[in-house]
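Colleague: one predicted model, sequence on top.
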Amino acid sequence: MSNAQAAPETKGVSVKLLATVDLGLEIEGMAGRKFRMRMVTIEPGGVFGPLHDHKDRPGIVYILQGTITDHRNGVATDYGPGVGWPEDRNTLHWLENRGTIPAVEISVDIVRQE
């Protein structure tokens, strides 16, 4: 499936918040932002969708277990344990687990306070 097609909705995904830091208290000009770390598990056949961007929400992902397929710009790229990738303002993607074991990633990003 390419980005031009409708990406599936999220299914088979669990997210555990590990830590946050209020950046407004730490860095001048960052009021209303937090630094967030999550552990995301995508079960076999699971999807982290739909197609989404990271404008105003930069991050980095690191794979702990399994394989995650990242769909962006019409290209599907598989990432396994020990590999990571940036998610910057140019990122437009969705993720899936095509494997047979749960895929687990650590996701760190900067987000607006809720």
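Modeller: Yes, it's here. Residues are numbered from 1 along each chain as shown.
Colleague: tell me the contacts of the residue nearest to Met30 when sequence neighbours are not counted?
Modeller: Excluding its sequence neighbours, the residue lying closest to Met30 (CB to CB, 6 or more residues apart in numbering) is Leu23, at 3.8 Å. Using the backbone N, CA and C atoms, a C-beta is placed for each residue, glycine as well. The neighbours of Leu23, taking CB atoms under 8 Å, 6 or more residues apart in numbering as the test, are 30-31, 33-35, 110.
Colleague: flag the shaky bits of this structure, pLDDT-wise.
Modeller: For the chain, the stretches flagged by pLDDT under 70 are 1-7.
Colleague: Phe48 is in contact with Lys11, isn't it?
Modeller: No. Shown here, Phe48 and Lys11 do not form a contact pair, counting by CB atoms under 8 Å, at 9.1 Å.
Colleague: right, and the helix or strand after the biggest strand by length in the chain?
Modeller: In the chain, with assignment by DSSP state E, the single longest strand is strand 33-53. Following strand 33-53 in sequence order, the next helix or strand is strand 59-65 (DSSP states H and E).
Colleague: can you list the strands that that following strand pairs with?
Modeller: Using DSSP bridges, the strands paired with strand 59-65 in its sheet are strand 84-87 (antiparallel), strand 103-112 (antiparallel).
Colleague: contacts for the shortest one?
Modeller: Judged by CB under 8 Å, 6+ apart, the contacts made with strand 84-87 from elsewhere in the structure are 54, 57-63, 70, 79, 93, 109.
Colleague: please redo it, this time with the cut-off set to 10 Å
Modeller: Here strand 84-87 makes contact (CB atoms under 10 Å, 6 or more residues apart in numbering) with 52-54, 57-63, 68, 70, 72, 77, 79, 91, 93, 105-109.
Colleague: that older thread, is it possible to export the contacts of Leu23 to CSV including neighbour count and distance to Leu17?
Modeller: CSV is the format used below for these (neighbours: other CB atoms under 10 Å; distance: CB to CB, whole Å):
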residue, neighbour count, distance to Leu17
Met30, 15, 19
Ala31, 11, 21
Arg33, 19, 16
Lys34, 19, 11
Phe35, 17, 12
Ile110, 16, 15
